[in-house]
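Q: okay, here's the prediction I keep looking at, along with the sequence it came from:
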2 protein chains.
Amino acid sequence: MKTRKTNSRNLSALFAATVLLAALAVLPVLADEGMWTFDNPPLKLLKEKYGFTPSQEWLDHVRLASVRFNDGGSGSWVSPTGLVLTNHHVALGQLQKVSTKEKDYVANGFFARSAAEELKCPDLELNVLIAMENVTARVGASVKPAMNEKDALKARKAEMAKIEKEALTGADSHVEVVSLYNGAEYWLYRYKKYTDVRLVAAPEQQAAFFGGDPDNFTYPRYDLDFAIFRVYENDKPVESKHYLKWNAKGAADGELIFISGHPGSTERQSTMAQLEVQRDVLFPTVIKQLKRRLAVLKRYAALGPEQARQANNQIFGIENSLKAFGGEYEGLLDKSLMEKKQKEEKDFRGKVAANAAWQKEYGDAWATIERAERQRVTLFKQSRFRVVRGLRLPTLALQIVQYVAEVKKPDGERLDGFHDSELESLKFRLFSPAPVYAQLEEALIAEHLQESLEELGSNDPFVQAALGGRKPADVARELVSGTKLADPAVRKALVEGGEAAVAASTDPFIVLARKIDPVARQTRKSLEDTVQSVETPASEKVGRANFAVYGKDHYPDATFTLRLSYGTVKGYPMNGTIAPPITTFYGLYDRATSFGMKPPFNLMPRFLERKDKLDLSTPLNTVSTGDIIGGNSGSPVINRNAELVGLIFDGNIESLVGNFVYDDAKNRAVAVHSAAIIEALRKLYDAGALADELEGKSGNRP
Amino acid sequence: MKTRKTNSRNLSALFAATVLLAALAVLPVLADEGMWTFDNPPLKLLKEKYGFTPSQEWLDHVRLASVRFNDGGSGSWVSPTGLVLTNHHVALGQLQKVSTKEKDYVANGFFARSAAEELKCPDLELNVLIAMENVTARVGASVKPAMNEKDALKARKAEMAKIEKEALTGADSHVEVVSLYNGAEYWLYRYKKYTDVRLVAAPEQQAAFFGGDPDNFTYPRYDLDFAIFRVYENDKPVESKHYLKWNAKGAADGELIFISGHPGSTERQSTMAQLEVQRDVLFPTVIKQLKRRLAVLKRYAALGPEQARQANNQIFGIENSLKAFGGEYEGLLDKSLMEKKQKEEKDFRGKVAANAAWQKEYGDAWATIERAERQRVTLFKQSRFRVVRGLRLPTLALQIVQYVAEVKKPDGERLDGFHDSELESLKFRLFSPAPVYAQLEEALIAEHLQESLEELGSNDPFVQAALGGRKPADVARELVSGTKLADPAVRKALVEGGEAAVAASTDPFIVLARKIDPVARQTRKSLEDTVQSVETPASEKVGRANFAVYGKDHYPDATFTLRLSYGTVKGYPMNGTIAPPITTFYGLYDRATSFGMKPPFNLMPRFLERKDKLDLSTPLNTVSTGDIIGGNSGSPVINRNAELVGLIFDGNIESLVGNFVYDDAKNRAVAVHSAAIIEALRKLYDAGALADELEGKSGNRP
């Protein structure tokens, strides 16, 4: 979806406060609801409602054909020759990184005419989920009855790090211990990792994101939001055995479809106490912060076309987040929604209370969470503003400073993010050759420091460390003008030089990072000691209570891990009338013409020049009841035969409250229709060979 | 607009309870708000906001180019050769009446290829407002201080009838004394009347009403909702000097436009007491009644294609009303809307109370209205269910029975509807040759009687008179099978035969009407004596208080009299994004294709056969901020030069609360674009000669 681009990492940054440890409330499973793990697909529901039972082979095939884009999206293998399909907006970061002032592939699109023209991405890591193992018992056993809360949290984390480290099998291995059902279950997920990913095809951003921010998260829609990569190993295209066959007919109105992808996070099972803190504290703050940053970016973009190009990706990301958060926040402010959640929780707790054993085991969990949430609020300002969030150079510097210290410790004692199982991916990002836009960084750093100053006051240790009484703009200027960190070789030398090199460095960002590191650690520790250590076991209790009361016929909240959703292609009541199950290219020309071709409703020249070549009745976008959220962007929509019939890129405006509740009367997943991509490749982009490759009409192209 | 088709008559039937006597509350005039009388156009506002001051000549020209369709719509002269433009759905009743099983002009459209082919309408009366005179003082003087409430109401009505009678100048004269600003002003409106109106052109209903009930009252929209008549006098086309020149370029985004038409009714200035009775009593009842009747019509339509044809017009009308009322009712149920109205009333009353003279003069009005409304509620069931509403034969019969009695009385003492000034129009309808569909009537009468029985009980005098203990279905069958009233000659003979003929008639409908007439009169009298006589002077007080407090820079509630609205062509926030200022033919093909051409989204064959002839980028529909409501259907949209740039046919879904409040952020009037009609005439309907006539490109066609 046109995502709140989430990944577990960004997410934990943005939502550090409340997302990680939400508790399972009661959600009776409704029609077409759910983001199911592949070990627990809704077989009963599917059989009853659709008369379809996917075989284990079907499930394995779909899982292995699904790809995670680690910077926040989903994709799928779509040929035996290593082609991976995702959204243009998932590819946008990489597109920007391989673009220059002279060659702007974001604005102008990119189509490789041969394997030689395919463009290697600087820091794109893809993951494929190859195995899942339930490690709940092992994680649970690490916590001994005698431990206090702090030690228990520490023990649990150490055990998870140990499991991950043991599971690593080599350079192409990525592993994660995943907490599901709010910690009622822990699973070891093993991924195959790919880091040689090359850009094959991407339309112009204007074609992919026609309608821009206004149309984002809405439907009817007319976007060619796709991009195609090819994955290499040993400089050869991967032979991707598990790929989805392309079905350009798409799915019919009412047809059963599945969506396999990586929803970033949901909070459907949070307790009322957690939701209320989100509503009253987190959302207002985050929205305010994002607006502030957006203003900086827009001022910068207004300086000229090159500045606009540099800021484009971040502007897209923030506008996208603002629209998503705005919709979610409205949901939290909606009294009827909150009353519904309240009633669910009351019913759930009532059932627990009615059983003495359950009450003894789980009954105190909600009050404990509420206490932890109150504590979270007291720490909120520092946890929110004593950080360098979303800034490239300060983040790199802090990671380097922490890296050299952490790797010397036993794995289980390190900060999260620095465990052995995480180091390869971390270094991949740390040493990325992607360009740094110094002036843009400076503007953002100045604003960020100014914001921390305003929110925390000049006596705060973080502000003291960062500013030392000086003006944010002056500090930012000196930092950016004096640093060499934009050069990945410099970063590499520091990491390889270890603590001594870092301690000796006079690079202003490293100097700054050394000063703020203790504050950052202290802030993180406070949160762990007084909130997470309390809330984690309480949340697990709520999760286990849910199993006790309702069984396991439900799905866990989203965690940016692979999930299977299902539903049907279906219009919905909208704007006083009905939204159709599909749109067509006619609609693209209608909307462009009806706004007089003014941006963001302008058509790229080729759409005007080649209009008569197109069959305008070709389906362009389509909606289904499949349950998705940010992170699902780029997910394949598949039919019963596991053929690709669409490409998820967005949710409708009614889907934004999907973070908290799902309603299949109105919540819709928006996809690019499989026919549209073929039509565009053949008629608009002279990419018939690629279309043939996708449709299996030719041999391997490379 | 795709209208609650209102006219003062239908309206008073549907809304007899509360519409007629609403009181002026406070409405500060907002941007682009208002349905202004031509004697009091918003010159100051127009000058300040748009730098435009229409001259008296401009105003007179626009007024005289405007046409009222007396069965509930608006129109305009669009050629010097008597052509009048309105909506297809305003023409629908006449289209159905000139159609037969063999020649279905509703389904297939109608285009006269010569004057000889133009089809005379059976009972269509058009009015043009030729003069307005303020008669407030004269009406006021008829009420003497010594009179009690009942006598005062009687005196006022008698004086109004007298004024009307004196003003009549001949057979082509129609006059009305109109109550504005809730009776704070009375105006004598003189109309020129036309009754020889012939159908020239109408597209297929599916082209006019593409999207059907789902798309009704919504936008973006793709409807060719137009019909063209030619008006004759002495069997020759009228030389229409004041006509609107056609401007096929339309109005640009942001351009100032005006709408001249006949909004049916609004209740923006009702008191809270009146609104609450609407919310709690009237709307739930009316919606329930309409759903009941719709079910009968749909069952009847399902019997076969001819039955479907016969019921089509009524089904359209009821679905239209249900959607409109549904939106209005939601407005009344919307707490924030009601709080806004409450605050306005509180402020207004506070200002009155702060001035001792005002308080003495007007201060008791609100409490008086509240008292009258309580009384209205006690009479509600009988006033609502002791009537024959919307049934052709029972209504004709009751009108005949009352006619012969009333015309013998002095004009001032007659029932409303039977004053000398009203008789010609009444006879035009009474003797209409329009077909009666007997089986359809029977089904509707049976349901209506059943409903009255259920609501009033078997002992109610109306139910006794109508059923006498028998089953509604049996009574209905006997009535319809035994009557000759479907023949207009029979009706004429009865009217001309006077009381003796009516008393002697054994026609079952006349027999029935004689029995229910006393009950109907008693019910009407109770309402007059205990509600209207109390509320009328109180409402006048509120109206005068409004003048005292706020001056006359505002507009009166709609009364199905000519009004001038203004605004700009402008999109609006919708569905999470922006609705465009226009749509195009591309969008028609998109929506049809996206629903797989399934009704109501199917295209007529000519749209498929001739697609390549059309310029699909031609604007099709357009929206503006002009303030309209049901009754405005068919109103011309004109530019500063008084050229026709569009044809109002609907409001968006957000406009439905416009009955109570206007918000130009979202309320939009939906029009057919002037270019669309020309494009369709030339390319789809082979009606180039008519297009030439409209564009002034040829001489007179007839």
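A: Perfect, thanks for sending it. Numbers count the residues shown, from 1 in each chain, chains lettered A, B, ... in the order given.
Q: make it CA atoms for all contacts and neighbour counts henceforth
A: Fine.
Q: could you list the buried residues of the longest helix anywhere in chain A?
A: The residue-count maximum for a helix in chain A (DSSP state H) belongs to helix A:305-333. By neighbour count with 16 or more other CA atoms under 10 Å in any protein chain shown, helix A:305-333 contains the buried residues A:306-332.
Q: what about the single nearest residue of the stretch 151-300 of chain A relative to chain B, how many residues nearby?
A: Nearest to chain B in the stretch 151-300 of chain A, going by CA to the nearest CA, is A:Pro214, at a distance of 4.6 Å. Neighbour count of A:Pro214, defined by other CA atoms under 10 Å in any protein chain shown: 20.
Q: list the residues that contact it.
A: B:576-578 (CA atoms under 8 Å, 6 or more residues apart in numbering or on different chains).
Q: ok, and of those residues, which contact chain A?
A: Counting by CA under 8 Å from any CA of the partner chain, B:576-578 from the contacts of A:Pro214 sit close to chain A.
Q: need these in a markdown table (columns: secondary structure, neighbour count and pLDDT).
A: Below are those laid out as a markdown table (DSSP: H, G, I helix; E, B strand; the rest coil; neighbours: other CA atoms under 10 Å in any protein chain shown; pLDDT from 0 to 100):
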| residue | secondary structure | neighbour count | pLDDT |
| --- | --- | --- | --- |
| B:Gly576 | coil | 18 | 96 |
| B:Thr577 | strand | 18 | 97 |
| B:Ile578 | strand | 14 | 97 |
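Q: mind checking the SS state of the residue of the stretch 151-300 of chain A closest to chain B?
A: On the three-state scheme (DSSP: H, G, I helix; E, B strand; the rest coil), A:Pro214 is labelled helix.
Q: if we can go back for a sec, of the buried residues of helix A:305-333, which ones also sit close to chain B?
A: Of those, not one also sits near chain B (CA under 8 Å from any CA).
Q: quick one: mean pLDDT for the longest helix of chain A?
A: The average pLDDT within helix A:305-333 is 96.
Q: just the element for A:Glu370, please.
A: Assigned by DSSP states H and E, A:Glu370 belongs to helix A:365-385.
Q: what's that helix packed up against?
A: On a contact count with 3 or more CA pairs under 8 Å, 6 or more residues apart in numbering or on different chains; DSSP states H and E, helix A:365-385 meets helix A:272-277, helix A:438-456, helix A:508-527, helix A:533-550.
Q: okay, now the unreliable bits of the stretch 351-500 of chain A?
A: Within the stretch 351-500 of chain A, no range satisfies pLDDT under 70.
Q: residue in it nearest to chain B?
A: A:Gly390 (27.2 Å).
Q: show me what contacts the closest residue to A:Tyr362 other than its chain neighbours?
A: Closest residue to A:Tyr362 apart from its sequence neighbours, by CA to CA, 6 or more residues apart in numbering or on different chains: A:Lys541 at 5.4 Å. The contact partners of A:Lys541, taken as CA under 8 Å, 6+ apart, are A:184, A:361-362, A:365.
Q: mind putting those in TSV, neighbour count and secondary structure included?
A: Listed next are those as TSV, based on neighbours: other CA atoms under 10 Å in any protein chain shown; DSSP: H, G, I helix; E, B strand; the rest coil:
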residue	neighbour count	secondary structure
A:Ala184	22	coil
A:Glu361	15	helix
A:Tyr362	23	helix
A:Ala365	24	helix
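Q: quick one: least confident helix or strand in chain A?
A: Scoring the helices and strands of chain A by mean pLDDT, DSSP states H and E places helix A:8-14 at the bottom, with a mean of 34.
Q: which other helices and strands contact the helix or strand that comes right after that one?
A: Downstream of helix A:8-14, the first helix or strand assigned by DSSP H and E is helix A:43-50. Helices and strands touching helix A:43-50, by 3+ CA pairs under 8 Å, 6+ apart: there are none.
Q: where does the stretch 51-200 of chain A get nearest to chain B, residue-wise?
A: For the stretch 51-200 of chain A, CA to the nearest CA, closest residue to chain B: A:His89, 18.9 Å.
Q: picking that back up, among the contacts of A:Lys541, which one lies nearest to A:Ser66?
A: Set against A:Ser66, the nearest of these by CA to CA is A:Ala184 (25.7 Å).
Q: can you report phi and psi for the closest one?
A: As for A:Ala184, its main-chain torsions (degrees, to the nearest 10) stand at phi -70, psi -20.
Q: hang on, the earlier thing: in three-state terms, label the residue of the stretch 351-500 of chain A closest to chain B for me.
A: Going by three-state DSSP: A:Gly390 is coil.
Q: kindly report the residues of the stretch 551-700 of chain A close to chain B.
A: A:574-578, A:580-587, A:589-591, A:593-595, A:617, A:619, A:653.
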